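Visitor: Need a 3D model of the following:
(2 chains)
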Amino acid sequence: MVRHADYLGSLKIERVFLSAVGFYPSPTSKYKYLKNISGSFLFILTVLYIILALIHAFINLTDVAVLSENVTFLMTVIVYATKVVNLQVYRKNILLLEDLLTNPILTELEMQEEENIVKENLKSARFFTNIYKTMANIAVSVHVVSPLFDFKRTGYKHFIFLLWLPFDRNKHYGTVYFFEMVLLLSVTWFCITLDALNILMMNICAIQFEVLKNRLSRISKSFSRDDEVDDRIRMQKLREYIIQQNHVYRCSSLVQKTYSIGVFTQVVCSVLIVCFGLFKSIVTPLKSMQFMMLTSYSLTMIYQVSLYCVYGQKVLDASNDLTDACYMSKWNHCSLGVQKYLVMIMTRGNRPVIMKAGGIFDLTLETLMTIYTSSYSFFAIIWQVYNTEE
Amino acid sequence: MMKFKVSGLVADLMPNIRMIQASGHFMFNYHADNSGALHTLRLGYSCMHLLFCLFQYGCTFGNLVKEKDDVNYLAANTITMLFFTHCITKFIYFAARSKLFYRTLGIWNQANSHPLFLESNNRYHALSLKKQRTLLICVSVTTILSAVAWTGITFVGESVHNIKDPYNENETITEEIPRLLIKSWYPWNAMSGMAYYITLVFQIYYVFFSLFHANLMDSLFCSWLIFACEQLQHLKEIMKPLMELSASLDTYVPKSADLFRAPSAKSQDNYIESEYNSKNEELNVKGLYDSRQELGGHFRSGTLQTFGQGGGGVGPNGLTKKQELMVRSAIKYWVERHKHVVRLVTAIGDAYGVALLLHMLTSTVMLTLLAYQATKIDGANTYAASTIGYLVYSLAQVFHFCIFGNRLIEESSSVMEAAYSCHWYDGSEEAKTFVQIVCQQCQKAMSISGAKFFTISLDLFASVLGAVVTYFMVLVQLK
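Guide: Residues are numbered from 1 along each chain as shown, chains lettered A, B, ... in the order given. Next up is the predicted model:
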């Protein structure tokens, strides 16, 4: 019985959610117009917010506290808009990716062991992505609820976002608050779904490399009693594995190209927000609602950047060990023909797949370390300056 | 009582292992007698050390909490705490992951051997033993000197340490505190008398043993790397004779002495037990030319190069079948030995990677604070001496494992160059494909990474040193 790995099925939640609003190209044209309309509505709302927030920022350029608050949210929404546009621009790539992920060359599994590898990895990635979604939801709920708490406490009407509106906000508190909430929820949910999609696709690339490595390290196993027959079988299998290897490389480069710009803006924005957050944490009193909003938001951003880097590193590791996997098989017991095939596989395997964000940053644990240490040094210096000034 | 038999890496590193066990780490293997009573005794010994160290660590933390109002004292106490965090971390890390350490130590228990390359193997083994011993001696001497220096500096400085302000808000007065190695808070009064002397002895014990806990672990790691590097050197050296073997004429039967024109072993065999050599020779004389045993019965020579008209004659390279088989066995030895080294390096990385990551994280924070402290040096006094002492010691610890990590990277990447520079063009087809595969495999250097976050190399040390200097410059400017 031939087993298949259901890669596309593991992405079902994200794909359904995004195609329901037309952000993700769906193969069927059912309700196409409805989806397009809802997608355009949400996008227009987002653009409207960006314009209004920019106006507000320009008006309050001199007030640093307000400006930093404003800019933080503005950046998040701009990043979200970039990601949506990015996905729309690369619609064709998405459809190609879907084809690749359902191609039997990539999904066919030989042994139970491979099936276990696939299942385990898919499950663990899903687990970590769910943690991310939970953290984001907690941050969002804190932000939605806190203006209401402030309202109860001070009686002064607070809003979630800092906007410039052509009319007096306090008169239409309910409607404005409702729209702001819709915007905040839609931005967050679609943003985290897009992130989850990206991360899970990187995970799938890593899994494919693992399966390939597993097969290559078993190439010297004897399939029959006869050496000649063994040799022929090995050459045949190696030919298939090389075709599979090419497909896997193609899949990884497609994933990288499709999401590159979105990831780049996301990582830069997250790092800036974390730095701002660290700076504000010095000035904000410890036991206020403000501090809780600040921590929940910053922690979610840190976790998000870490998740990208960890899964980028996972792809790097999986593709790096390809040469080792070939070497660790008992190649010196195989015929010269098999050995020469292995040499070519190893030559290609020596160049690992490094997921890049925007062609500039590598998504690896080294970059993550740089981000952490730079933010820490930034924080340390600001703290010293603040303390000596006091 | 029968002597406990050990082999491979464990035999080489026995002094390290004994010192680690003596200092109280949770290492319970490698004893001749592992009965229940003795095991409980050893477990109790290690737990006692752990409890004492944690108690003193807690007391230091108590002092930090007590003096947290003054920024200067806060910084100084944090540095002391972070310094001893290394020791506690390594202690607990070893206890938690001792299985991985045992696995790494046991990986080299069964090494393959080949009569042609025995002499080279033994020579490099002796070299690695010598280096490991030298390293152990250096590290122990440095640790003892540091502990002695710490004790000495306690008695050199002024007897009055503390500066506090009880009654007046703006004034500070000096208050006497006990003249101890580490400022700590104790539930008893340690100012004078019997309590003072007991506390002093306890602190001397603590400093001495904590420094040993951390340094012995690092030295074990570096000894593993020394061993791996010497094995790689051995493999590089035998590449050329291996090629010559496959390129030789049919009448030429190589003798090991001819293959090695190096100024060989001036009997550096002092460290090698005689059993090692003789056992290996016994094993190999039997099965050398037996193709079935060598190749596991899988092989028919028909699938390899055809030996001209009718078998048993002279092949295309002028080799007889016998020599062909000898070349094949030599290649097998090389490949298996190299794979063994790769497995060893992977095991080392798995065992110690996280410890290195924790060490670097603690060091980064500590060096930042030390840079800040260093800006407040105003003359040649005990403050300056202790700050510079902390700095040099921490940087030396980082340098210790960076230099051996760097050597591993260099050695493993030079294997490819050695493979290319041997006369592969004269070798048989089999030998040429072998060189091809080895070149592909060794293009990437083997390195130890701190749980994939960074690579242990001299670049890491340079970046740490650069960061410290940068902080120092920036903070001096801000003053």
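
Visitor: what's the weakest-modelled helix or strand in chain A?
Guide: Lowest by mean pLDDT, DSSP states H and E among the helices and strands of chain A is helix A:365-389, with a mean of 80.

Visitor: And for that helix, what's in contact with it?
Guide: A:271, A:274-275, A:278-279, A:282, A:305-306, A:309-310, A:313, A:361, B:71, B:364-365, B:368, B:372, B:451-454, B:467, B:471, B:474-475, B:478 (C-beta atoms under 8 Å, 6 or more residues apart in numbering or on different chains). All C-beta spots, glycine's among them, are computed from the backbone N, C-alpha and C.

Visitor: what's the distance between that helix and the middle of its chain?
Guide: Between the centre of helix A:365-389 and the centre of its chain there are 25 Å (C-alpha atoms, centre = their mean, to the nearest Å).

Visitor: Just the buried positions in it, please.
Guide: A:365-373, A:375, A:377, A:379-380, A:384 (16 or more other C-beta atoms under 10 Å in any protein chain shown).

Visitor: All the helices of chain B, residue numbers only.
Guide: For chain B, helices defined by DSSP state H occupy the ranges B:8-12, B:14-22, B:36-66, B:71-96, B:98-106, B:118-156, B:193-247, B:256-259, B:274-286, B:291-295, B:321-374, B:382-421, B:429-441, B:458-478.

Visitor: for the residue in chain B that chain A sits nearest to, what are its contacts?
Guide: Using C-beta to the nearest C-beta, the closest approach of chain B to chain A is made by B:Q440 at 3.9 Å. Each residue near B:Q440 by C-beta under 8 Å, 6+ apart is listed here: A:323, A:327, A:343, A:346-347, A:350.

Visitor: in stretch B:39-53, what's buried?
Guide: Neighbour-count burial for stretch B:39-53 [16+ other C-beta under 10 Å]: B:42, B:46, B:49-50, B:52-53.

Visitor: just the residues you listed that are near chain A?
Guide: Contacts with chain A are made by none of the buried residues of stretch B:39-53, judged by C-beta under 8 Å from any C-beta of the partner chain.

Visitor: Which of the contacts of B:Q440 are buried? Put it as a PyMOL command.
Guide: Only the buried members of the contacts of B:Q440 enter the following PyMOL selection, criterion being 16+ other C-beta under 10 Å:
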select buried, chain A and resi 323+327+343+346
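
Visitor: show me the contacts for residue 240.
Guide: In the absence of a named chain, chain A is used. A:I105.

Visitor: Correction: the question concerned chain B.
Guide: Contacts of B:K240 (C-beta under 8 Å, 6+ apart): B:418, B:422-423.

Visitor: got any ranges where chain B has weak pLDDT?
Guide: Low-confidence segments of chain B (pLDDT under 70): B:1-4, B:158-166, B:168-169, B:248-319.

Visitor: Spell out which parts of the stretch 51-200 of chain B neighbour chain A.
Guide: By C-beta under 8 Å from any C-beta, the residues of the stretch 51-200 of chain B that approach chain A are B:V71.

Visitor: Give the burial count for the closest residue in space to B:Y372 that isn't next to it in sequence, as a bare number.
Guide: In this structure, B:Y372 finds its nearest non-sequential neighbour in B:L475, 5.7 Å apart by C-beta to C-beta, 6 or more residues apart in numbering or on different chains. Number of residues near B:L475 (other C-beta atoms under 10 Å in any protein chain shown) recorded here: 21.

Visitor: what's the answer for B:V341, then?
Guide: Counted with other C-beta under 10 Å, residues neighbouring B:V341 total 23.

Visitor: Just put the buried residues of helix A:365-389 in CSV and tack on distance to A:K30.
Guide: Formatted as CSV, the buried residues of helix A:365-389 follow (distance: C-beta to C-beta, whole Å):
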residue, distance to A:K30
A:L365, 43
A:E366, 46
A:T367, 42
A:L368, 42
A:M369, 47
A:T370, 47
A:I371, 43
A:Y372, 46
A:T373, 50
A:S375, 47
A:S377, 54
A:F379, 51
A:A380, 56
A:Q384, 61
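
Visitor: what's the farthest-apart pair in those?
Guide: A:L365 and A:Q384 (28.3 Å; C-beta to C-beta).

Visitor: I'd guessed B:A371 sits against B:Y471; true?
Guide: Yes: between B:A371 and B:Y471 a contact is recorded at 3.9 Å, counting by C-beta atoms under 8 Å.

Visitor: How about whichever residue of chain A sits closest to chain B: what's its closest non-neighbour residue?
Guide: Per C-beta to the nearest C-beta, A:M346 is where chain A lies closest to chain B, at 3.9 Å. Computed as C-beta to C-beta, 6+ apart, the closest residue to A:M346 that is not its neighbour in sequence is B:Q440, at 3.9 Å.

Visitor: same check, this time on A:V338
Guide: In space, A:V338 is closest to A:R234, 5.0 Å off (C-beta to C-beta, 6+ apart).

Visitor: before we move on, what about A:F73?
Guide: A:F161 (6.1 Å).

Visitor: Could you report the neighbour count for that neighbour?
Guide: Per other C-beta under 10 Å, the neighbour tally for A:F161 reads 22.

Visitor: what secondary structure does it sit in?
Guide: coil (DSSP: H, G, I helix; E, B strand; the rest coil).

Visitor: Quick check: it touching A:A53?
Guide: Yes: here A:F161 reaches A:A53: they are 6.8 Å apart, a contact under C-beta under 8 Å.

Visitor: Identify the contacts common to the two.
Guide: With C-beta under 8 Å, 6+ apart as the test, A:F161 and A:A53 both reach A:F73.
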